[in-house]
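S.K.: let me see the structure of the following:
(one chain, ligands or ions: 4)
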Amino acid sequence: MRAILTLVALAGLVPRAIAQPIQYAAPASGDRWMYPFNFSSGFEISAPTFGAILEPGFDDRDSQMLVTWETNAVIPSGLEETEYHIQRVTVRATVANNLVWRYDGTPDPTASYYPTTDPDYIADTDAGRPVELFGVGYRNSASALTWNEFSSFSTGSPDPGPAEKWRDAFAATFDLSGNATDVSNQVRERLNPAAMAIGTTDQVMPGSLVPLDTTLTFEVDLCDPTTRAYFARSLSTGRLHLAITSLEPAAGGPGGGSGGLYPRFYTKEDPKTSTNPLLRVSLDIEVRIGVRPDVNGDTIVDILDFLDFFGAFGAGDPFADYNSDCEVDILDFLDFFEDFGAY
Ligand SMILES: [Ca+2]
Ligand SMILES: [Ca+2]
Ligand SMILES: [Ca+2]
Ligand SMILES: [Ca+2]
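M.R.: Ligands and ions are numbered 1, 2, ... in the order given. Sure thing, here's the model as predicted:
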């Protein structure tokens, strides 16, 4: 301890050059309109997102967009999940239809999708429905390792479908162990899942119609430990799948809506995305890898980590949020000190 404090007091210590955190930025390697009546899986030039709210035989989140990144090209896979420290995740998707649906950049309660005759119904207080980002869960024979944009919609029964809870890959929330809850039927199941992020833009006024080529930005809420765990798990696997989805009804329903008046996003198959790659769904991740007290990510736990942590802690910098609960407080200091002392 004395040695550490002596070293802390030394001026002029220069941190060594590091390649961390790792910055990963890439368009989706796969993008898929996940819909039971889609017969050219993976090849569509855009992906609509809409709901079939409370319609028997269909999921509430009937039409979803699923996107994939092979992250192991840049971020080493195969490490322990505890060795991935997710610092920032941003997803962008660009709108492929013009002025037919209204922008809502904030959550709507599930009860606002109930029939107006339902005793628990509450009105939607802001026009439009949010576009939401979720993780992806699997059923039947599918898994994060095997599923891709060209996979079957369902390998389960009934065959042929469609049916509720029939799709092999679906928008989901997770617990810390990675157990998925399918949120595709959140209205009929009266769930209130929190999305990882909601798509936002400062180019459109809330409630206004969204122009063609508007980019929605999804800043992932990493204060939720289950979300951090989802990304850590995905990076360890080497593949990341995400679901972009909206409950904007395709037709009728308590939220209004009619044919085609729902968000639609470009896929990489649209020729426009060849000349303008920015139209593709894209991902930015900032992640540090390594054992926890190696906060500067140079693969060694030493005095430099202590200095970095100590400096950030003193400044209240989020870098010192060692236990990842989005607060910098004494618990971070105690946790760090315990782990650091074990090396
Ligand atoms: Ca595709
Ligand atoms: Ca709304
Ligand atoms: Ca270090
Ligand atoms: Ca903390």
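S.K.: name the helix or strand for Gly314, please.
M.R.: helix 303-315 (DSSP states H and E).
S.K.: now what about whatever helix or strand comes next after that helix, what contacts it?
M.R.: Next helix or strand after helix 303-315 toward the C-terminus (DSSP H and E): helix 330-341. For helix 330-341, contacts defined as CB atoms under 8 Å, 6 or more residues apart in numbering pick out 292-293, 295, 301, 305-306, 309, 313, 320-323, 325. In this view, the C-beta of every residue, glycine as well, is placed from N, C-alpha and C.
S.K.: please list only the buried members of those residues.
M.R.: 292-293, 295, 301, 305-306, 309, 313, 320-322 (16 or more other CB atoms under 10 Å).
S.K.: between the residues you listed, which sits nearest ligand 4?
M.R.: Asp321 (4.2 Å; CB to the ion).
S.K.: the closest one: what's it in contact with?
M.R.: Going by CB under 8 Å, 6+ apart, the list of residues near Asp321 reads 327-328, 332.
S.K.: can I get the buried part of those residues as one PyMOL selection?
M.R.: Restricted to buried positions by 16+ other CB under 10 Å, the PyMOL selection for the contacts of Asp321 reads:
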select buried, resi 328+332
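S.K.: now the contacts of Asp321 in a markdown table, with pLDDT?
M.R.: Listed next are these as a markdown table, based on pLDDT from 0 to 100:
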| residue | pLDDT |
| --- | --- |
| Glu327 | 94 |
| Val328 | 96 |
| Asp332 | 96 |
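S.K.: can you list the contacts of Asp321 in TSV and add distance to Thr110?
M.R.: Supplementary listing: the contacts of Asp321 in TSV, determined by distance: CB to CB, whole Å:
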residue	distance to Thr110
Glu327	29
Val328	34
Asp332	35
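S.K.: out of the contacts of Asp321, which are close to ligand 4?
M.R.: Among those, the residues that sit close to ligand 4 (CB under 5 Å from the ion) are 327, 332.
S.K.: list just the nearest of the contacts of Asp321 to ligand 3.
M.R.: So of those, ranked by how close each gets to ligand 3 (CB to the ion), first place is Asp332, at 16.8 Å.
S.K.: circling back: check whether the helix holding Gly314 contacts ligand 4.
M.R.: No: interface with ligand 4: helix 303-315 contributes nothing (CB under 5 Å from the ion), its closest point being 10.0 Å away.
S.K.: helices and strands around that helix, which ones?
M.R.: Applying 3 or more CB pairs under 8 Å, 6 or more residues apart in numbering; DSSP states H and E, one finds that helix 303-315 contacts helix 2-9, helix 330-341.
S.K.: if we can go back for a sec, can you redo the contacts of helix 330-341 as JSON lines with pLDDT and distance to ligand 3?
M.R.: Listed next are those as JSON lines, based on pLDDT from 0 to 100; distance: CB to the ion, whole Å:
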{"residue": "Arg292", "pLDDT": "93", "distance to ligand 3": "11"}
{"residue": "Pro293", "pLDDT": "95", "distance to ligand 3": "8"}
{"residue": "Val295", "pLDDT": "93", "distance to ligand 3": "7"}
{"residue": "Val301", "pLDDT": "96", "distance to ligand 3": "6"}
{"residue": "Asp305", "pLDDT": "96", "distance to ligand 3": "4"}
{"residue": "Phe306", "pLDDT": "96", "distance to ligand 3": "9"}
{"residue": "Phe309", "pLDDT": "96", "distance to ligand 3": "10"}
{"residue": "Phe313", "pLDDT": "97", "distance to ligand 3": "16"}
{"residue": "Ala320", "pLDDT": "95", "distance to ligand 3": "15"}
{"residue": "Asp321", "pLDDT": "94", "distance to ligand 3": "17"}
{"residue": "Tyr322", "pLDDT": "94", "distance to ligand 3": "14"}
{"residue": "Asn323", "pLDDT": "91", "distance to ligand 3": "18"}
{"residue": "Asp325", "pLDDT": "89", "distance to ligand 3": "22"}
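S.K.: I'd say Phe134 and Ala169 touch.
M.R.: No: here Phe134 lies out of contact with Ala169, judged by CB atoms under 8 Å, at a distance of 11.2 Å.
S.K.: break the chain down into its domains, please.
M.R.: As assigned by automatic domain parsing, the chain contains the domains 22-287, 295-341.
S.K.: what's the distance between the last one and the middle of its chain?
M.R.: Averaging C-alpha positions (CA atoms, centre = their mean, to the nearest Å) puts domain 295-341 26 Å from its chain's average.
S.K.: next one: the first one
M.R.: Taking the mean of its C-alpha atoms, domain 22-287 sits 8 Å from the chain's own mean (CA atoms, centre = their mean).
S.K.: check whether it contacts ligand 3.
M.R.: No: counting by CB under 5 Å from the ion, no contacts exist between domain 22-287 and ligand 3, the nearest distance being 12.4 Å.
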